[in-house]
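Chemist: missing the sequence, but the structure's below:
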């Protein structure tokens, strides 16, 4: 069985579903192939933060590292714009709440770092206001007296990770996209001016094989990006990170904002159901197969010290959390690149193949999708991709 499409999108997370929707909306024929279930992996396991300020991981190595990470700010600003209108444009009830976000400082050194960070962000056009501790507590009475300063971004907020990607998949189907789950891409080879992909569909003994010819291929596959790059002889280095999340029991609403920290890994928010979600990048143990490669088919293991450290950091800045029981914790796997910048653009040496991944891929998913849609259509993206181009790693390995 064989078929032909304008674009094959690999990956059924938020990014893949958004890209398939945009391509189909613009009149292209598109197939999305997801090896497992739609929204099964990182897009459905993260906490749904829409954070446009630079994260702790982007600042922990100093202000120059933060300045480099800020080169992705145009993607952040585009993402804020696109998230705000996704529900209207897709006709889906995508729950996006723009309630503002804090980045907190508990020491003078952290406050100074925040001031430098905010100055960099404002230079790129992000609305960030510096507050002292009292001013922050006037807006957010739940914050601890230990807070000495905060950077506040009104654009920040949260989205529902359980429903966002499936909603985009439904919108893509209505626009004409062919969405396939339990459909793994097992090979990619050049075929004329396009690409021929072999797909294995179904599970176990019921698996069948089909081929699809695509003018363009979009790799939106998170932790599987590097392996898919290998199929087209391209160097697409990624680093998988297994991370820990915790949800409290439901409690009356008292945290309206997204909360992050300038001096430790922390992100927390309260969802409409009342649960407080606590995360921010605390590690879980990623398991490896016999050949030493990461085993993405097996769930990572909890690390006791990460669970304790994450909760301690949360209670330090929001003391009321110390009186609210945890309901459950879970782990998920996300992807960053060696230089912490996104990996977005044409794949070198593979005409018609495009990729997007990197940290903050849930927040930046809509802006990544818009860029990929432009590239598939042969349009020049509005965002300058020179800092994110995959070619930078190809040059390192030359």
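Modeler: Cool, got the structure. Computed from a predicted structure; not experimentally measured.
Chemist: and residue 317, how far is that from residue 115?
Modeler: Residue 317 sits 19 Å away from residue 115, taking C-beta to C-beta, to the nearest Å as the criterion. In this view, the C-beta of every residue, glycine as well, is placed from N, C-alpha and C.
Chemist: To clarify, my last question referred to residue 58.
Modeler: With distances taken as C-beta to C-beta, residue 58 is found 16 Å from residue 115.
Chemist: And for residue 367?
Modeler: The gap separating residue 367 from residue 115 is 27 Å, by C-beta to C-beta.
Chemist: helix/strand/coil for the residue nearest to residue 214 when sequence neighbours are not counted?
Modeler: Of all residues not flanking residue 214 in the chain, residue 8 sits nearest, at 3.8 Å (C-beta to C-beta, 6 or more residues apart in numbering). When classified by DSSP: H, G, I helix; E, B strand; the rest coil, residue 8 comes out as strand.
Chemist: Show the contacting residues for residue 8.
Modeler: 30-33, 185, 195, 197, 212, 214, 216-218 (C-beta atoms under 8 Å, 6 or more residues apart in numbering).
Chemist: Of residue 367 and residue 115, give the one with the bigger neighbour count.
Modeler: More neighbours surround residue 367 than the other of residue 367 and residue 115, with 28 against 13 (other C-beta atoms under 10 Å).
Chemist: quick one: the strands in the stretch 251-398 of the chain?
Modeler: 258-261, 267-270, 276-279, 326-336, 343-346, 353-357 (DSSP state E, counting those that start in this stretch).
Chemist: Show me what the first one is in contact with.
Modeler: In this structure, residues lying in contact with strand 258-261 by C-beta under 8 Å, 6+ apart are 49-51, 53, 55-56, 99-104, 106, 140, 143, 156-158, 266-269, 280, 313, 317-318.
Chemist: same thing but 7 Å
Modeler: 49, 51, 55-56, 101-104, 156-158, 266-269, 280, 313, 317-318 (C-beta atoms under 7 Å, 6 or more residues apart in numbering).
Chemist: Then the longest one?
Modeler: Under the criterion C-beta under 7 Å, 6+ apart, residues 42, 45-46, 222-223, 225, 238-249, 275, 284, 286, 296, 299-300, 302, 307, 357-359 lie in contact with strand 326-336.
Chemist: Recalculate using a threshold of 8 Å.
Modeler: Contacts to strand 326-336, defined as C-beta under 8 Å, 6+ apart, come from residues 41-42, 45-46, 57, 222-223, 225, 238-250, 275, 284, 286, 296, 299-302, 307, 311, 357-359, 361.
Chemist: re the thing from before, cross the contacts of strand 258-261 against helices and list the overlap.
Modeler: Judged by DSSP state H, helices contain the following of these: 56, 313, 317.
Chemist: Which of those residues ranks first by neighbour count?
Modeler: Across the ones in helices among the contacts of strand 258-261, neighbour numbers were computed from other C-beta under 10 Å; residue 317 holds the maximum, 23 neighbours.
Chemist: how about it, what does it touch?
Modeler: Applying C-beta under 8 Å, 6+ apart to residue 317 gives the contacts 104, 106, 143-144, 146-147, 259, 261, 266.
Chemist: Which of these are buried? Put it as a PyMOL command.
Modeler: Here is the PyMOL selection string for the buried members of the contacts of residue 317, based on 16 or more other C-beta atoms under 10 Å:
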select buried, resi 104+106+143+147+259+261+266
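Chemist: wait, which of the contacts of residue 317 is closest to residue 89?
Modeler: Nearest to residue 89 among those is residue 259, at 29.1 Å by C-beta to C-beta.
Chemist: May I have the beta-bridge partners of the closest one?
Modeler: Going by DSSP bridges, residue 259 is paired in beta bridges with residue 102, residue 268.
Chemist: Sort out which residues of the strand or helix carrying residue 86 are buried, please.
Modeler: Under the criterion of DSSP states H and E, residue 86 resides in helix 73-90. Neighbour counts using 16+ other C-beta under 10 Å place 73-80, 82-83, 86-87, 90 of helix 73-90 among the buried residues.
Chemist: Kindly report the same for stretch 90-98.
Modeler: Neighbour counts over stretch 90-98 (16+ other C-beta under 10 Å) mark 90, 92, 94-98 as buried.
Chemist: chain center to that stretch: distance?
Modeler: Relative to the centre of its chain, stretch 90-98 is centred 17 Å away, using C-alpha atoms, centre = their mean, to the nearest Å.
Chemist: Show the end-to-end separation of that stretch, please.
Modeler: Start-to-end span of stretch 90-98 (C-alpha to C-alpha, to the nearest Å) is 18 Å.
Chemist: So what touches it?
Modeler: Residues outside stretch 90-98 that contact it (C-beta under 8 Å, 6+ apart): 21, 50, 83-84, 86-87, 154-160, 163-164, 167-168, 170-171, 174, 272.
Chemist: I'd like to know which of those are buried.
Modeler: With burial judged by 16+ other C-beta under 10 Å, the buried subset of the contacts of stretch 90-98 is 21, 50, 83, 86-87, 155-160, 163-164, 167-168, 170-171.
Chemist: Sitting in strands, which of those do you find?
Modeler: Counting by DSSP state E, those place 50, 157-159 in strands.
Chemist: mind putting those residues in JSON lines, distance to residue 347 and pLDDT included?
Modeler: Shown next, in JSON lines, are those (distance: C-beta to C-beta, whole Å; pLDDT from 0 to 100):
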{"residue": "50", "distance to residue 347": "28", "pLDDT": "95"}
{"residue": "157", "distance to residue 347": "33", "pLDDT": "96"}
{"residue": "158", "distance to residue 347": "32", "pLDDT": "95"}
{"residue": "159", "distance to residue 347": "28", "pLDDT": "95"}
